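Novice: here is the input, now give the coordinates:
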Amino acid sequence: MAAIVLLSALLSLMPLAFAGHDYGQALSKSILFFEAQRSGFLPSNQRVNWRADSGLQDGKASGIDLVGGYYDAGDNVKFGLPMAFTITMMSWSIVEYGKQLAASGELSHAMEAVKWGTDYLIKAHPEPNVLYGEVGDGDNDHYCWQRPEDMTTDRRAYRIDTNNPGSDLAGETAAAMAAASMVFRHSNPAYSNELINHAKQLFEFADKYRGKYDSSIMAAQKYYRSYSGYGDELLWSAAWLYGATNNEYYLNYLGTNGDSLGGTGWAMREFGWDVKYAGAQVLVSKFLMQGKASHYSAVFERYQQKAESFMCACLGKADQNVQRTPGGLLYYQRWNNLQFVTSASFLVTVYSDYLISSGKSLQCAAGSVAASDLLTFAKSQMDYILGDNPRATSYMVGYGSNYPHQVHHRASSIVSIKVDPTFVSCKGGYNTWFGRKESDPNPLVGAIVGGPDAYDNFADERDNYEQTEPATYNNAPLLGILARLNSGHSGYNQLLPVVLPSPPPVNHQPNPMPQPKPSPAPAKSYSPIVIDQKTTTSWNSKGRIYYRYSTIVTNKSAKTVKDLELSISKLYGPLWGLKRSGGAYGFPTWRDSLPAGESLEFVYIHSASPADVSVSSYTLH
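Specialist: Next comes the predicted model:
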């Protein structure tokens, strides 16, 4: 117990964010992930080249073309509700931070990612009161472990209409269309207008024919049940339509329905593909701060009170706060917790900028909070995800030196059809590929996996779907957050209309890696193993300076290092990323070797010079 208390105390002393993350690189990778999730005919500029065309008969049995769109997670089903939310959040990222995305060279890729989704949503809405909300059957799909290029599973299409309504699905799709229309307003006005027309029809359909979509598309109930109902989506889509059109009808809708649909009553601590109240409340707060509330100021202030309640709960300054792990990560649930962390962090980021633009601060039960503190908190959550956590693990595949290698993802875990075109059967995929303990043959670069548990623990195992499965809606909010963090603050006003720059030509050159800071201790070579230590941050507490050290162990040989034992002396604080056995340290529980050219990282904290780290023994295979 004393050790846990000491660990918690040390973590509380640590700054909210460690220095050194390359947010530009993380942004590029996060967008790349969406290309791995594409369904349909892949374009000529496809960068994730281990994927190939798939789902080419989608919709055919129903007499409609439903080819395209995104697979939601590690399976091969196209679920409309989370797909639409993904597109809404990508669009919101671009609407708020398009200039920063342009400066990073990623605006074109971000807009392509949005359009891949909206092209599909247009197909899925063939009539004003008809919307296709799912392609494929979750039960059937989950019995199979096949790459999408080999799918033999049921690809039936499910829809909502006037006799089988789905206000939540139609409302979220309207929000996605409206938000995306703002993305293309200047670069492609005809397409933007087409999206607006679809959004208006879908909103009217959602509002006039009310009902939960999973009562009509019952196949979605086990996977994306709408627990929150549809009141949040009606307000959410009205807010986006007002933002896209400036039509007073939608402003009036927010004012007259805010109380009855829960917008002014629900103080939420969660925001995601199901529960949109906090997002709607933040958007309405923006309208209020822009002076657009008209005679609904009193109602909009109640929306804002709930939006600020969400912010305070995330920061730990409300009467009822969001739980956190010992390492400081927001914690909501054991299954795919990071989806809520990225979405909440996005709301905190944009609200910080709204407050900065209006010159206001946040009032919480625990006192006043500066607008800049909100952004600092969002940054701390991103830094945790990118590797500043007790396990020194990056939860973005392909970022950093220690990240998940056994992702719960069919396409990633099975050899590419371009490498081995041999057909992978439904059960054959489970027999041959699912149970493999080796790394994925196709790294799912940029994917944010489900993440650690309530105690910062994580098991990198393919069958651990609660922690290792990625999802599009995990990544979508990152476009805005990482663009914002990568750019710094340049005096822009988020309460003024944002005019997106013309997207530059797509640059396929990777962002340069950041140069490492000078190390406090020189690299030591124990041929063929090199050990390099550096300080990543320091802070003062009660007159004592604490340091966080990062140690990189690299295998410079042409063979695989196994049975590694390290000797560490002059260590006076906690260490993460290695397993202690007796008086020596070895590989952490999630790995048993170090292949040629690869590195592992461990970190420790103490108030002294770097510890002495040396190699005691190893074997080469």
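Novice: M396 contacts A26, correct?
Specialist: Yes - between M396 and A26 a contact is recorded at 6.2 Å, counting by Cβ atoms under 8 Å. Every C-beta, even on glycine, is put in place using the N, C-alpha and C of the backbone.
Novice: now the common contact residues for the two.
Specialist: L386 (Cβ atoms under 8 Å, 6 or more residues apart in numbering).
Novice: the more surrounded of the two?
Specialist: Using other Cβ atoms under 10 Å as the criterion, M396 and A26 rank with M396 on top: 30 against 26.
Novice: just the pLDDT at the more buried one, thanks.
Specialist: With respect to pLDDT, M396 scores 98.
Novice: now it. Its backbone dihedrals?
Specialist: phi -110, psi 120 (degrees, to the nearest 10).
Novice: any regions of the stretch 501-621 of the chain where pLDDT drops low?
Specialist: The stretch 501-621 of the chain contains residues with pLDDT under 70 at 502-527.
Novice: show me what contacts N457?
Specialist: R391.
Novice: now do the SS call for it.
Specialist: coil (DSSP: H, G, I helix; E, B strand; the rest coil).
Novice: could you measure it against G577, distance?
Specialist: Separation of N457 from G577 (Cβ to Cβ, to the nearest Å) stands at 13 Å.
Novice: what sits in contact with each of these two?
Specialist: Residues touching both N457 and G577 by Cβ under 8 Å, 6+ apart: R391.
Novice: can you pull out the strands in the stretch 501-621 of the chain?
Specialist: 521-526, 529-541, 544-555, 561-569, 575-576, 579-581, 584-586, 593-594, 599-606, 612-620 (DSSP state E, counting those that start in this stretch).
Novice: let me have those in a markdown table, adding mean neighbour count as columns.
Specialist: As requested, the strands of the stretch 501-621 of the chain are exported to a markdown table (neighbours: other Cβ atoms under 10 Å):
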| stretch | mean neighbour count |
| --- | --- |
| strand 521-526 | 13 |
| strand 529-541 | 16 |
| strand 544-555 | 20 |
| strand 561-569 | 17 |
| strand 575-576 | 18 |
| strand 579-581 | 11 |
| strand 584-586 | 18 |
| strand 593-594 | 18 |
| strand 599-606 | 20 |
| strand 612-620 | 15 |
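Novice: list the contacts of L444.
Specialist: The contact partners of L444, by Cβ under 8 Å, 6+ apart, come to F33, A36, V397, G398, V407, H409, A411, S412, P470.
Novice: most surrounded residue in those?
Specialist: P470 (30 neighbours).
Novice: pretty sure that one is touching F33, no?
Specialist: Yes - with contact defined as Cβ under 8 Å, P470 counts as touching F33 (7.1 Å).
Novice: what sits in contact with each of those two?
Specialist: With Cβ under 8 Å, 6+ apart as the test, P470 and F33 both reach V397, L444, A447, I448.
Novice: from these, which is closest to N247?
Specialist: Checking those against N247 with Cβ to Cβ, the nearest one is I448 at 35.5 Å.
Novice: what about the closest one, how many neighbours?
Specialist: By other Cβ under 10 Å, the residues close to I448 number 31.
Novice: ok, now how distant is it from K115?
Specialist: Distance, I448 to K115, using Cβ to Cβ: 22 Å.
Novice: also D72?
Specialist: D72 sits 18 Å away from K115 when distances are taken as Cβ to Cβ.
Novice: more neighbours: which of those two?
Specialist: Remark: of D72 and K115, D72 carries more neighbours, 27 against 17, as counted by other Cβ under 10 Å.
Novice: so who does the more buried one touch?
Specialist: By Cβ under 8 Å, 6+ apart, the neighbours of D72 are Q37, K78, F79, P82, M83, T86, A471, T472, Y473.
Novice: tally of neighbours for the closest residue to L169 other than its chain neighbours?
Specialist: Nearest residue to L169, sequence neighbours excluded (Cβ to Cβ, 6 or more residues apart in numbering): Y213, at 3.7 Å. For Y213, the number of neighbouring residues by other Cβ under 10 Å comes to 32.
Novice: my guess is A124 meets T118, correct?
Specialist: No - in this structure, A124 is not within contact of T118 by Cβ under 8 Å, at 10.2 Å.
Novice: look up how far G446 lies from E601.
Specialist: 19 Å.
Novice: what is the neighbour count of the residue nearest to I417 when sequence neighbours are not counted?
Specialist: Computed as Cβ to Cβ, 6+ apart, the closest residue to I417 that is not its neighbour in sequence is E149, at 4.5 Å. As a burial measure, E149 scores 20 neighbours (other Cβ under 10 Å).
Novice: what's the answer for A392, then?
Specialist: A392 has 22 neighbouring residues, counting by other Cβ under 10 Å.
Novice: contact partners for it?
Specialist: So A392 contacts N402, S550, W576, G577, E601, F602, V603 (Cβ under 8 Å, 6+ apart).
Novice: need the next SSE after the worst-scoring helix or strand of the chain on mean pLDDT, C-terminal direction.
Specialist: Here the helix or strand of the chain ranked lowest by mean pLDDT, DSSP states H and E is helix 2-13, holding a mean of 39. Moving toward the C-terminus from helix 2-13, the next helix or strand (DSSP states H and E) is helix 23-36.
Novice: same for that next one, what does it pack against?
Specialist: Contact partners of helix 23-36 among helices and strands, from 3 or more Cβ pairs under 8 Å, 6 or more residues apart in numbering; DSSP states H and E: helix 80-104, helix 107-124, helix 472-475, helix 478-487.
Novice: contacts for that helix next, please.
Specialist: 46-48, 51, 70, 101, 104-106, 109-110, 113, 116, 382, 386, 396-399, 411-412, 444-448, 470, 472, 475, 478-479, 482-483, 485-486, 510-511, 513-514.
Novice: next: stretch 163-173.
Specialist: 80-81, 84-85, 88, 121, 124-125, 131, 133, 160, 202-203, 205-207, 209-217, 226, 228-230, 232-234, 236-237, 273, 276.
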